[in-house]
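1. Build me a model from this:
(one chain, ligands or ions: 1)
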Amino acid sequence: MNAKMNSIQPLDPQAVRPDFPVLARQVHGKPLIYLDSANTGQKPLAVIHAMDRFLRESNANVARAVHQLGEEATSAYEGARDKLAEFMGANHRDELVFTSGTTHAINLVAYSFAMPRLEPGDTILVTQMEHHANIVPWQLACERTGATLKVAPITESGELIVDKFIDLLTPDVKLAAFTHVSNVLGTINPVRALARACRKHGIPSLIDGSQAAPHLPLDVKAIGCDFYVITGHKMAGPTGTGVLWARKEHLQSMPPFFGGGDMIRKVSFSGTTYADPPHKFEAGTPNICGFVGLGAAVDYLSSLGMARIEATEHALLEYATAALQQVPGLRIFGQAAHKAAVISFLIDGTQSHDLATMLDLQGVAVRSGHHCAHPLMDFYGVPATARASLAFYNTREEIDRFVEAIEKVRGMLA
Ligand code: PMP
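-> Predicted coordinates:
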């Protein structure tokens with residue numbers, strides 16, 4: 001833990017747990033221990049109530065109704081954009097495009113920004129630790145334009161080799177796309193330094209912030225990237241919500257991705273003109289209630305304080321890592337110096353799916369699989385891992401029970 005985090009008073013999990021009703025339930029007759037927050041985060045009452053209230057009292061379509069409910073819905077939806085702009089450290093609310101999640105946001109950039117700029121011989125730079133959502137859209141763009149992907153390597157401990165990344169920033173690179181926090185390894189990449197290097201070489205950068213936004217303070221201005229994407233359901237919000245933040249000049253230069261209602265200025269059969277960003281990229285009726293929920297999620301996280309969330313989770317990570325290291329035959333994937341609270345692991349002589357299934361019977365929810373990161377699994381030469389991902393609502397007692405459950409299951413599977 002660094003000195004800054006050390007000086008921050010961690011959150012009291014017993015004070016925040018009542019905010020998350022699902023944490024009180026039982027699974028297979030055992031108290032639920034939810035260690036799958038990197039997959040999707042649990043939702044606080046503040047979000048559940050905001051969505052419930054919106055649907056009961058203000059439900060209407062946005063931007064087109066002049067009646068009272070329409071105005072309330074529009075102001076709740078656009079109010080969420082203000083909250084998210086502040087949460088992300090954006091200069092202006094118009095820099096935020098609402099999407100269905102990170103996957104949608106990256107595809108939007110791949111189709112509207114990258115594809116028109118790519119030619120045969122060009123490249124897009126990604127890293128070995130990317131989620132498929134930050135690989136496949138670029139591959140699709142490459143297939144259609146004759147460009148190719150370049151991959152920045154990582155070390156065995158799961159850290160990006162920054163010098164190699166910088167060496168790869170040659171004139172053929174038309175965009176660099178990298179994750180802020182790895183969903184498998186927990187590695188926190190030095191995004192400011194990476195974005196600065198890209199800028200120095202005149203290369204636009206896109207950062208996948210899916211696993212960062214729920215866990216650490218964000219400031220897209222200070223990072224200095226060109227695009228930053230987040231997904232709502234991992235940060236206490238509902239599924240089907242996400243944000244593409246982009247520099248205004250990019251949004252202005254990019255053609256629309258989807259066409260339809262709400263993204264136009266004037267439609268005629270001889271030609272159509274488009275609305276200004278961000279609405280140019282928000283065709284059709286959006287996930288209004290979802291963004292009301294995401295706005296409430298951002299208020300909730302901000303009320304706890306992202307720096308406190310980060311410090312709380314870091315202390316839990318250290319506690320859990322130390323405990324897991326005592327388990328014979330347990331190997332942790334991802335030992336970066338700067339890590340978020342994600343622990344991928346395997347135990348000698350067991351399959352990760354068997355382990356996760358048996359842990360579930362003990363009430364412990366962990367993920368098992370390739371975590372949508374086949375190239376990373378290939379790097380480590382394994383088909384899958386088990387993954388425990390922690391959040392500020394987890395407790396040390398839960399981690400103790402998780403480790404006890406592992407010991408029990410290990411004995412049964414050996
Ligand atoms: N990137 C990372 C690092 C992720 O962890 C995830 C979700 N697992 C995604 C992208 C995709 O997010 P979504 O499925 O919400 O679009």
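2. So which residue is dead centre in the protein?
-> Centroid-nearest residue in the chain, with Cα atoms, centre = their mean: residue 210, separated by 1.0 Å.
3. could you list every residue that touches residue 182?
-> Counting by Cβ atoms under 8 Å, 6 or more residues apart in numbering, residue 182 touches 129, 158, 189, 211, 334, 342, 373, 376. Just so you know, the C-beta spots here come from the backbone N, C-alpha and C atoms, and that holds for glycine as well.
4. Mind doing that once more with 10 Å?
-> By Cβ atoms under 10 Å, 6 or more residues apart in numbering, residue 182 lies in contact with 38, 127-131, 154, 158-160, 188-189, 208, 211, 333-334, 336, 339-340, 342, 344, 371, 373, 376.
5. For residue 318, see how far away the one residue in the stretch 301-414 of the chain that gets nearest to the ligand is.
-> The ligand sits closest to residue 372 of the stretch 301-414 of the chain, with a gap of 5.8 Å, by Cβ to the nearest ligand atom. Computed as Cβ to Cβ, to the nearest Å, the residue 372 to residue 318 distance reads 27 Å.
6. Neighbour count: these two, which is higher?
-> More neighbours surround residue 372 than the other of residue 372 and residue 318, with 16 against 13 (other Cβ atoms under 10 Å).
7. Just give the nearest non-adjacent residue to that one, would you?
-> Distances taken as Cβ to Cβ, 6 or more residues apart in numbering place residue 132 nearest to residue 372, at 4.3 Å, with adjacent residues excluded.
8. tell me the phi and psi of the one you found?
-> Residue 132 adopts backbone torsions of phi -50, psi -30, taken as degrees, to the nearest 10.
9. Same check on residue 81?
-> When quoted as degrees, to the nearest 10, the phi and psi of residue 81 stand at phi -70, psi -40.
10. what's the spacing between it and residue 295?
-> Residue 81 is 8 Å from residue 295, where distance means Cβ to Cβ.
11. Among the two, which residue is more densely surrounded?
-> Legend: neighbour count by other Cβ under 10 Å for residue 81 and residue 295, higher for residue 295 (26 against 21).
12. ok, that one - contacts?
-> Neighbouring residues of residue 295 by Cβ under 10 Å, 6+ apart: 47, 50, 54, 76-84, 87, 232, 237, 241.
13. Please check the residues you listed and keep the buried ones.
-> Among these, those buried by neighbour count (16 or more other Cβ atoms under 10 Å) are 47, 50, 54, 76-77, 80-81, 83-84, 87, 232, 237, 241.
14. biggest separation within those residues, which pair?
-> Pairwise distances across those peak at 19.2 Å for 54 and 87 (criterion: Cβ to Cβ).
15. quick revisit: in strands, which of the contacts of residue 182 fall?
-> The strands, defined by DSSP state E, take in 127, 208, 333, 342, 344 from those.
16. so the fourth one bridges to which residues?
-> Here residue 342 shows beta-bridge partners residue 389, assigned using DSSP bridges.
17. again, but for the second one
-> Taking DSSP bridges, one obtains residue 179, residue 229 as the residues bridged to residue 208.
18. correct me, but it touches residue 101?
-> No - Residue 208 is not in contact with residue 101 according to Cβ atoms under 10 Å; the separation is 11.3 Å.
19. so what's in contact with those two at the same time?
-> What both residue 208 and residue 101 touch, as defined by Cβ under 10 Å, 6+ apart, is the set 133, 229-231.
20. and of the residues you listed, the nearest to residue 28?
-> Of these, the one sitting nearest to residue 28 (Cβ to Cβ) turns out to be residue 231, at 29.1 Å.
21. can you count the residues close to residue 247?
-> Residues near residue 247, counting by other Cβ under 10 Å, number 17.
22. I meant residue 4, not that one.
-> Neighbour count for residue 4, taken as other Cβ under 10 Å: 10.
23. State the helix or strand in which it lies.
-> In this structure, residue 4 sits in helix 3-6 according to DSSP states H and E.
24. among the shared contacts of residue 208 and residue 101, who's most crowded?
-> Going by other Cβ under 10 Å, residue 230 tops the shared contacts of residue 208 and residue 101 with 32 neighbours.
25. Quick check: that one vs the ligand, distance?
-> Counting by Cβ to the nearest ligand atom, to the nearest Å, the separation of residue 230 from the ligand is 9 Å.
26. just residue 216 next, same as before
-> Residue 216 is 14 Å from the ligand, by Cβ to the nearest ligand atom.
27. List the contacts of that residue.
-> Counting by Cβ under 10 Å, 6+ apart, residue 216 makes contact with 180-181, 188, 209, 306-307, 309-311, 313-314, 340.
28. Am I right that the residue nearest to the centre of the chain is in contact with residue 132?
-> No - with contact defined as Cβ under 10 Å, residue 210 does not count as touching residue 132 (11.8 Å).
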